[in-house]
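Peer 1: Provide a 3D model corresponding to the input given below.
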Amino acid sequence: MRMAVLVSALGLMLSACATLGPEDVSDSGGMTVGAGKPVLASAETPPVGTAARDAADDPAIWVDPADRTRGVIIGTDKQAGLYVYDLAGKQLQFLPGGKPNNVDLREGFPTASGPKVLVATSDRGRPGAGAALFFLDPATLKLTLWGAVPIDLVEPYGLCLARRGDAFLMIVNGTDGQVRQLRVATGPNGKPQLTEERRFAVATQPEGCVADDTRGRLYLGEEGRGVWRYDLGATATPGVLIAEAPSQMLMPDVEGLALLEDGAATWLIASSQGDSAFAVWKVTDADEALYYGRFSVVEGNGVDAVTGTDGVAAAGRLVGGFPNGLIVVQDDVDTGPTGARQNFKLVDWDRVKAALGL
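Peer 2: The predicted model follows:
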């Protein structure tokens, strides 16, 4: 992306945002092309509908276990609702409602009509609610709202789902550093039922989180401090700071977190918003996080560069047209024909592996 184009797009966005509140304006305006190893995106989604405001935030990926060429990308417009895209980035659905910030999903959630794909978002836009829960229909690839639920947080912000045995867990954090871990079930009335398991806090604002169900771990990003690792048990235990910010690995804000399974290896990916890069670690059964480098998405293949990145999602193995994995990242300024809006970029995991020598 040419810097003049980036500056012009950012100027339009910031001018339009001059009378908006702090939650309406991106906190990453002015970011330049990333400092990591250059990687090209393969495709991108259309921009979200909200223009000249901080809107697109976090994606999640679902792949059909019976046919891994099928699946969806779910992305948030935190001013308006949820988007559903196919695995090439084409929009399939827009589900308006609320102000969903982060989104995550898990398969196999038990209901009276059989197992479902559970989708959850943190939500600041539904009165009396802090999260919204949905079901994804694997046959139609459409989302439907299951219910909105209150969360005991001043301002729900980040969210991720986890599975511990038969228990489905929702981890939600707030802008004041508080974190809640809740068990999700179907109540007697068929609506969502939450049971708090534990609560803890970090010193400053967190957001991104991701759960490693296999190893029973939770990774949590504290925006100005770094990445923490916690156990996923029902009892609060001290966290371990596995990567500090600012550092050569991360430049605040630390934003989205994602895990990708590639054969026997599990990779942790974190958004380094302060310099438009993504840090990569290999995580092991021995509680190690081995740092392997950073990548940035640059202009090419008809897709503009990713700057001021926020959310990130990843899935390994065959994912649609990506033979060994797909990474989806938020772009703070999409320089497409519709002007200064935000969208999501699709990145082939093989390109990241080649760039970092994994």
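Peer 1: which element is residue 290 on?
Peer 2: Per DSSP states H and E: residue 290 is located in strand 289-298.
Peer 1: now the helix or strand following that strand - C-alpha only, PDB.
Peer 2: Going down the chain from strand 289-298, the next helix or strand is strand 312-316, by DSSP H and E. Taking C-alpha atoms only, strand 312-316 is exported to PDB below (Å, rounded to 0.1, in the frame of the first residue of the first chain):
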ATOM      1  CA  VAL A 312      -7.100 -13.000  14.400                       C
ATOM      2  CA  ALA A 313      -8.400 -16.500  13.900                       C
ATOM      3  CA  ALA A 314      -6.700 -19.600  12.600                       C
ATOM      4  CA  ALA A 315      -7.500 -23.200  11.600                       C
ATOM      5  CA  GLY A 316      -5.000 -25.900  10.500                       C
END
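Peer 1: parallel or antiparallel, which strands does whatever helix or strand comes next after strand 312-316 pair with?
Peer 2: For strand 312-316, the following helix or strand on the C-terminal side (DSSP H and E) is strand 325-334. Neighbouring strands of strand 325-334 in its sheet, by DSSP bridges, are strand 312-316 (antiparallel), strand 341-348 (antiparallel).
Peer 1: confidence-wise, which helix or strand of the protein is lowest on average?
Peer 2: Every helix and strand in the chain was compared by mean pLDDT, DSSP states H and E; the lowest is helix 3-16, with a mean of 34.
Peer 1: what's the helix or strand harbouring residue 242 packed up against?
Peer 2: Using DSSP H and E, the element containing residue 242 is strand 240-244. On a contact count with 3 or more C-beta pairs under 8 Å, 6 or more residues apart in numbering; DSSP states H and E, strand 240-244 meets strand 226-231, strand 277-283, strand 289-298. In short, each C-beta sits where N, CA and C put it, glycine included.
Peer 1: quick one: strands adjacent to the first one?
Peer 2: With DSSP bridges as the criterion, the sheet partners recorded for strand 226-231 are strand 217-222 (antiparallel), strand 240-244 (antiparallel).
Peer 1: repeat for the last one
Peer 2: For strand 289-298, the paired strands and their directions (DSSP bridges) are strand 37-40 (parallel), strand 277-283 (antiparallel).
Peer 1: now the longest one: buried residues?
Peer 2: In other words, strand 277-283. By neighbour count on 16 or more other C-beta atoms under 10 Å, the buried set for strand 277-283 is 277-281, 283.
Peer 1: contacting residues around it?
Peer 2: Strand 277-283 is contacted from outside by 34-36, 212, 215, 217, 242-243, 249-251, 259, 265-272, 288-296, 309, 312, 327, 329, 352, 356, 358, using C-beta atoms under 8 Å, 6 or more residues apart in numbering.
Peer 1: buried ones among those?
Peer 2: 34, 36, 212, 217, 242-243, 249-251, 259, 266-272, 292-296, 309, 312, 327, 329, 352, 356.
Peer 1: against residue 296, how distant is the residue lying closest to residue 246 once chain neighbours are set aside?
Peer 2: With C-beta to C-beta, 6 or more residues apart in numbering as the criterion, residue 246 has its nearest non-adjacent residue at 5.9 Å, and that residue is residue 252. Distance, residue 252 to residue 296, by C-beta to C-beta, to the nearest Å: 16 Å.
Peer 1: from residue 220, how far out is the spatially closest residue to residue 216 that is not a sequence neighbour?
Peer 2: Spatial nearest neighbour of residue 216, excluding adjacent residues (C-beta to C-beta, 6+ apart): residue 232 at 4.5 Å. In this view, residue 232 and residue 220 are 11 Å apart by C-beta to C-beta.
Peer 1: so which of these two has more stuff around it?
Peer 2: residue 220 (25 against 21; other C-beta atoms under 10 Å).
Peer 1: tell me the contacts of that one?
Peer 2: Counting by C-beta under 8 Å, 6+ apart, residue 220 has contacts 158, 171, 173, 179, 202, 206, 208-209, 227-230, 239, 257.
Peer 1: can you check residue 221 too?
Peer 2: With C-beta under 8 Å, 6+ apart, residue 221 has these contacts: 158, 206-209, 227-228, 254-257, 270.
Peer 1: among the residues you listed, name the ones in strands.
Peer 2: Among the contacts of residue 221, the members found in strands (DSSP state E) are 158, 206-209, 227-228, 254-257, 270.
Peer 1: can I get those residues in TSV with pLDDT and distance to residue 121?
Peer 2: Converted to TSV, those look like this (pLDDT from 0 to 100; distance: C-beta to C-beta, whole Å):
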residue	pLDDT	distance to residue 121
158	97	11
206	98	16
207	96	13
208	97	14
209	98	13
227	98	22
228	98	22
254	98	20
255	97	16
256	97	14
257	98	16
270	98	20
